[in-house]
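K.L.:
Got a predicted structure plus its sequence, pasted below:
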Amino acid sequence: MGNSWKLLMVLPLVVLLSLSTSNVACASADLGDVAKILGFPGQMDEGAFVVRFARSDIKVTIDGEQMPTALGFGSWTAWKDMGKDTMVMGDLVLLEKEVNPVISALGEANVQVTALHDHFFYDQPRIMFMHIGGMGDPVKMAQGIRSALDKTATPPPSSGSSGSSEPPLNLDTKKIEQVIGHSGKAAGGSFKITVGRPGVKMHGVELTSSMGLNSWAGFVGTDEKAHVAGDVVMSPKEVNPVIQAFRKGGIEIVAVHNHMLDELPRVFFLHYWGTGPAEKLAQTVRAAFDEAKGPIK
């Protein structure tokens with residue numbers, strides 16, 4: 001399997017998948033099988049094979065306002081070659097009624113549930129986020145995750161249902177980038193800045209941004225009235241300085257929790273939600289990010 005992964009690294013970054021054999025043939029046998037079993041395209045990102053599943057079937061409103069799927073309502077899994085075994089990490093976006101059927105399906109494939117929580121306030125319907133992890137045969141784990149997805153209404157990638165009602169993006173994204181100090185990407189009616197944080201290992205392997213070790217901020221709305229949501233990865237000593245930085249700027253703290261079980265050093269994740277002028281929100285996000293930056297020690 002190790003040689004196959006090395007071969008994949010020199011192939012084009014995007015491994016397009018349909019269920020046709022010809023498209024799967026460009027990946028290694030194991031990764032081709034993973035992508036084929038899951039039924040979604042994947043791509044190599046920082047040495048991990050990442051597969052994303054947008055929950056475009058769920059029309060989420062926050063405080064009565066519809067939010068685009070791209071703001072943070074997408075599931076994902078990241079697959080990392082460990083030599084003898086493969087490590088998988090991920091985050092599944094679920095309705096409340098989907099949570100326990102998914103847990104049961106994952107358990108049958110020995111895929112662990114490592115955290116279960118919410119990321120938003122005032123959301124309708126209420127959305128839950130389930131972090132998962134596993135180590136072993138990638139095909140068996142992919143089959144388990146596919147079985148779990150079958151307990152949900154996650155649409156196939158070819159459904160074309162995403163983006164049909166997404167609000168326009170009327171934000172000065174250059175200003176937001178300037179204030180926060182990092183570049184971002186506009187997609188799906190949202191503008192998102194993601195900042196990786198090195199320094200955390202699990203099972204001896206450095207975790208990357210593509211495997212969930214990152215802080216991010218997603219903006220929607222207009223310059224005059226924007227919403228921001230996101231996540232900050234923190235060492236224990238950074239938790240309360242980050243909380244206070246957000247509160248000084250009027251941004252609400254939604255949750256503080258773990259995402260993993262075996263990482264070293266231990267890290268926490270903070271989710272937040274704010275409404276106001278985009279530049280002021282960006283200034284507050286910058287102040288919070290400044291309390292939790294650089295390699296985690």
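P.N.:
Everything's here; your move. What you see is a predicted model; the values in this text were computed from it and never measured.
K.L.:
which residue ranges form the strands in the stretch 151-297 of the chain?
P.N.:
Counting by DSSP state E, counting those that start in this stretch, the segments of the stretch 151-297 of the chain that form strands are 185-187, 190-196, 201-202, 205-206, 214-221, 226-234, 252-257, 263-264, 268-276.
K.L.:
Other residues contacting the first one?
P.N.:
Taking contacts as CB atoms under 8 Å, 6 or more residues apart in numbering, the residues outside strand 185-187 that touch it are 70, 169, 173, 191-194. C-betas here are computed from N, CA, C, even on glycine.
K.L.:
quick revisit: so which of the strands of the stretch 151-297 of the chain comes closest to residue 294?
P.N.:
strand 190-196 (10.2 Å; CB to CB).
K.L.:
Keeping just the C-alphas, turn the closest one into PDB.
P.N.:
The C-alpha coordinates for strand 190-196 follow below in PDB (Å, rounded to 0.1, in the frame of the first residue of the first chain):
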ATOM      1  CA  SER A 190     -19.500  32.300   1.900                       C
ATOM      2  CA  PHE A 191     -15.900  33.700   2.300                       C
ATOM      3  CA  LYS A 192     -13.700  31.500   4.400                       C
ATOM      4  CA  ILE A 193     -10.200  31.900   5.900                       C
ATOM      5  CA  THR A 194      -8.500  28.800   7.200                       C
ATOM      6  CA  VAL A 195      -5.300  28.800   9.200                       C
ATOM      7  CA  GLY A 196      -3.500  25.500  10.000                       C
END
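K.L.:
follow-up on the earlier one: taking the contacts of strand 185-187 together, which two end up most distant?
P.N.:
Top of the distance list for the contacts of strand 185-187 (CB to CB): 169 and 194, 16.7 Å.
K.L.:
just for the stretch 1-150 of the chain, where's the confidence low?
P.N.:
1-29 (pLDDT under 70).
K.L.:
Can you show me the strands along it?
P.N.:
Remark: strands assigned in the stretch 1-150 of the chain by DSSP E, counting those that start in this stretch are 14-15, 42-45, 48-54, 61-62, 65-66, 74-81, 86-95, 112-117, 123-124, 127-136.
K.L.:
if we can go back for a sec, could you take the strands of the stretch 151-297 of the chain and lay them out as TSV, with extra columns for mean neighbour count and distance to residue 135?
P.N.:
Compiled in TSV, those are given as follows (neighbours: other CB atoms under 10 Å; distance: least, CB to CB, whole Å):
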stretch	mean neighbour count	distance to residue 135
strand 185-187	12	31
strand 190-196	21	22
strand 201-202	16	9
strand 205-206	15	10
strand 214-221	24	22
strand 226-234	24	21
strand 252-257	16	22
strand 263-264	16	13
strand 268-276	20	21
